[in-house]
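Asker: Here is a sequence together with a model predicted from it:
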Amino acid sequence: MSSEQNELIKRRLEELNEIREMGINPYPHNYEVTAKASTVINSYKDPVDDDEALKRKDNIVSVAGRIMSIRKMGKASFCHIIDDTGKIQFYIKKDEVGEKQYSLFKLLDIGDIVGVKGYAFRTKTGEISIHAIEIKILTKSIKPLPVVKEEITESGEKVIHDAFADVELRYRQRYIDLIVNENVRSTFIKRTKIIQAIKRTLEEENFLEVETPTLQTIYGGANAKPFSTHHNALDIQLYLRISNELFLKRLIVGGFERVFEFVKDFRNEGIDRTHNPEFTQVEWYQAYGDYFNSMDLFEKIVERAAISANGTTKIVYQGVEIDLKRPWKRLKMVDVIKDKTGIDVQNTALSELIDYIKSNQINFDPAIASNKGLITATLFDECCESELIQPTFVIDHPIDTTPLCKPLREYSPAQLQEMENDPEQIIFVERFEPYINGWELGNSYTELNDPVLQRRLLEQQVERGRGGEEETHPLDEDFINAIEIGMPPTTGAGLGVDRLVMLLTDSHSIRDVILFPLMKPIIKP
RNA sequence: GGGGCCGUAGCUCAGUGGUAGAGCAUCUGCCUUUUAAGCAGAGGGUCGAUGGUUCGAAACCAUCCGGCCUCACCA
């Protein structure tokens, strides 16, 4: 329906004109706000002492906000407005504000933004409100807002009626969602608190916040399909980063011993309730540390983020109780597989593993059938991952899962060489993935800094890509050059911020924790 | 990309082949401490889009658009 035809909009445009005819600017340039909704309410918490203060009526405040409800009773009315601290009621009486002010008030609608000057009082029903002595229109809204009603039952429970619930409209017009759905506002405030807590923890540990390119000529650092784009002046193909790992390691080579970065990563893959094409990660790299240091820091960061958002390490995610309190369980991948399937992968022939996978109809990429390490990883992904509900670090992954991680320190050079030539042997690397609620929440390594092994592993991966395996990445010569210059012993970790926010806010979909999730455009015929 | 479900007033939803409905919001009147305010009345629709079946379609069929769930891919 076009805006000209809608009677609700027409009516509001008429009101707009009437306000202008009264000589009032419906879109003034500023307003002096002297108090916030929540501070007014919180200053009169004490029902005995504060009632004395309320009777004085000399504490004049000016609050500003959007009208959310109007209850007119002839020559007096009550309204609720919200500002960024919450909701407050004001009371306006014709006798007190005069004819012109009350006429202006009658031209206001739900959704308009007003400034209210007055004194605090307690209503008959006990609600701290503002008794208006002057009202000012700050912005006239010409489109109707969904009307959401709140009821406080006798038992004190809050019941929402007619909630603005259309998921599609909520995501497409998030501004409306934020206005009318208080829980949405609180989710995104928590998101900010979580990010602040992560930053604060890293800064306290002397990590330096840095920035690396989003547009890259070569992508790497993760196994994912990239978005590609084109630079006109240089006439070259560019990729949106899938990870910032390789750049942060270059900075460790450059002598910054502790760095971190919050980034948007972009992956050109499927969309579902735990995947958005652009998502936020924080990665940090620490020279002279190993993956045990990263585990300690990881669980510390998550614990503090939880306390910062909710005041507790205990969460309930979609009905499942989870405690994020340190320390978390640390289990070797092979032990988890043994526990869940009974298979001791190290003492089981590759052919038997394949038989197991086939007879249990487990999904796997046939291109990896000759790789015992990747078969082991598949067994873990398919049989174990979803059962790791309480926080668990799954440590020591097969070397074939990543070319960027150091083999276990217990291997001697001779042993490594022997294992490499035996397809029945699995070399494990110092990698961990933290699992919560069956989700992989991050990834961490004792970083590989042996330049010869680094080159070989990256080249092998390129080879595997040519062999038909998907989502391996091209060779980044400059990255290898940096490792050849020499990177100190280093540990690095990445944390999926969106998923952490989902857990800490009990959000069902990643789209509930991203302000503007990607939506398909609506094409009008 | 496959499969399932969904799309009706500004919002939340009824409506299974026979004149398009309710609550809230809007408008008119009454109401000077209300709070899902109340009382009386009124207006508001391309039923996601396009074709088809039918005497007759919001409903049945097909295609398309968008969303949700799920599987595949992945974090």
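Answerer: Yep, it's here.
Asker: Who are the contact partners of A:Val114?
Answerer: The contact partners of A:Val114, by CB atoms under 8 Å, 6 or more residues apart in numbering, come to A:64-65, A:67, A:81, A:108, A:135-138. Bear in mind the C-beta positions are built from the backbone N, C-alpha and C, glycine included.
Asker: And those, which two are furthest apart?
Answerer: Across the contacts of A:Val114, the longest distance by CB to CB is 13.4 Å; it joins A:Ala64 and A:Leu108.
Asker: so which strand or helix has A:Val33?
Answerer: Under the criterion of DSSP states H and E, A:Val33 resides outside all helices and strands.
Asker: Double-check that A:Glu321 belongs to a strand.
Answerer: Yes: judged by DSSP: H, G, I helix; E, B strand; the rest coil, A:Glu321 forms part of a strand.
Asker: beta partners of the nearest residue to it once chain neighbours are set aside?
Answerer: In space, A:Glu321 comes closest to A:Lys314 once its chain neighbours are excluded; the distance is 7.0 Å by CB to CB, 6 or more residues apart in numbering. Listed beta-bridge partners, A:Lys314: A:Asp323 (assigned using DSSP bridges).
Asker: Pick out the residue in the stretch 351-500 of chain A sitting closest to RNA strand B.
Answerer: Distances between the stretch 351-500 of chain A and RNA strand B by CB to the nearest atom of the strand are smallest at A:Glu440, namely 3.3 Å.
Asker: For that residue, give me phi and psi.
Answerer: Backbone torsions for A:Glu440, taken as degrees, to the nearest 10, come to phi -80, psi 120.
Asker: Just give the closest residue to it, not the sequence neighbours.
Answerer: A:Glu433 (5.2 Å).
Asker: Helix, strand, or coil at that neighbour?
Answerer: Recorded secondary structure, A:Glu433: strand (three-state DSSP).
Asker: Just want the phi and psi numbers for A:Ile135.
Answerer: Torsion angles, degrees, to the nearest 10, at A:Ile135: phi -130, psi 140.
Asker: confidence score at it?
Answerer: pLDDT recorded at A:Ile135 is 97.
Asker: What separation do you get for the residue nearest to A:Glu321 and A:Ile152?
Answerer: For A:Lys314, the distance to A:Ile152 (CB to CB, to the nearest Å) stands at 27 Å.
Asker: between these two, which one's more packed in?
Answerer: Taking neighbours as other CB atoms under 10 Å, A:Lys314 and A:Ile152 compare with A:Lys314 leading, 12 against 9.
Asker: That one against A:Val320, yeah?
Answerer: No: contact criterion CB atoms under 8 Å: A:Lys314 and A:Val320 do not qualify, at 11.5 Å.
Asker: A:Gln361 versus A:Ala64, what's the distance?
Answerer: Distance of A:Ala64 to A:Gln361, given as CB to CB: 62 Å.
Asker: more crowded one of these two?
Answerer: A:Ala64 (21 against 7).
Asker: Buried residues in the strand or helix carrying that one, which are they?
Answerer: Assessed by DSSP H and E, A:Ala64 sits inside strand A:60-72. If you call a residue buried by 16 or more other CB atoms under 10 Å, then strand A:60-72 has these buried ones: A:61-70.
Asker: All the strands of the stretch 151-300 of chain A, in order from the start?
Answerer: Taking DSSP state E, counting those that start in this stretch, the strands of the stretch 151-300 of chain A run over residues A:158-161, A:208-209, A:215-216, A:228-231, A:236-240, A:258-266, A:278-287.
Asker: which helices and strands does the longest one pack with?
Answerer: Read that as strand A:278-287. Judged by 3 or more CB pairs under 8 Å, 6 or more residues apart in numbering; DSSP states H and E, the packing partners of strand A:278-287 are helix A:182-204, helix A:245-253, strand A:258-266, helix A:291-310, strand A:490-496, helix A:497-505.
Asker: from the middle of its chain, how far away would it be?
Answerer: Chain-centre distance of strand A:278-287: 13 Å, with CA atoms, centre = their mean, to the nearest Å.
Asker: Show me how chain A divides into domains.
Answerer: Here the domain assignment for chain A is A:3-145, A:184-512, based on automatic domain parsing.
Asker: now those as CSV including distance to A:Ile522?
Answerer: Conversion of the domains of chain A to CSV gives the following (distance: least, CB to CB, whole Å):
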stretch, distance to A:Ile522
domain A:3-145, 17
domain A:184-512, 17
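Asker: Most tightly packed of those domains?
Answerer: Among the domains of chain A, domain A:184-512 has the highest mean neighbour count (mean count of other CB atoms under 10 Å), at a mean of 18.
Asker: what distance separates the start and the end of that one?
Answerer: In domain A:184-512, first residue to last residue: 8 Å (CA to CA, to the nearest Å).
Asker: again with stretch A:336-345
Answerer: 11 Å.
Asker: Other residues contacting that stretch?
Answerer: Against stretch A:336-345 from outside (CB under 8 Å, 6+ apart): A:331, A:334, A:353, A:356, A:372, A:376, A:379-380, A:383-384, A:387-388, A:394, A:426.
Asker: tell me the mean pLDDT for that stretch?
Answerer: Rounded mean pLDDT across stretch A:336-345 is 94.
Asker: Check stretch A:254-272 too.
Answerer: In this model, stretch A:254-272 has an average pLDDT of 94.
Asker: circling back to that earlier point, a markdown table please, covering the contacts of A:Val114 and showing distance to RNA strand B.
Answerer: Formatted as a markdown table, these follow (distance: CB to the nearest atom of the strand, whole Å):
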| residue | distance to RNA strand B |
| --- | --- |
| A:Ala64 | 20 |
| A:Gly65 | 15 |
| A:Ile67 | 10 |
| A:Ile81 | 12 |
| A:Leu108 | 9 |
| A:Ile135 | 15 |
| A:Lys136 | 20 |
| A:Ile137 | 15 |
| A:Leu138 | 18 |
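Asker: which one of those is nearest A:Asp450?
Answerer: For those, the nearest to A:Asp450 is A:Gly65 (60.5 Å; CB to CB).
Asker: where's the closest one relative to A:Leu515, distance?
Answerer: Taken as CB to CB, the span from A:Gly65 to A:Leu515 is 21 Å.
Asker: what do you get for A:Phe207?
Answerer: Counting by CB to CB, the gap from A:Phe207 to A:Leu515 is 26 Å.
Asker: Ok, A:Ala309 next?
Answerer: A:Ala309 is 17 Å from A:Leu515, by CB to CB.
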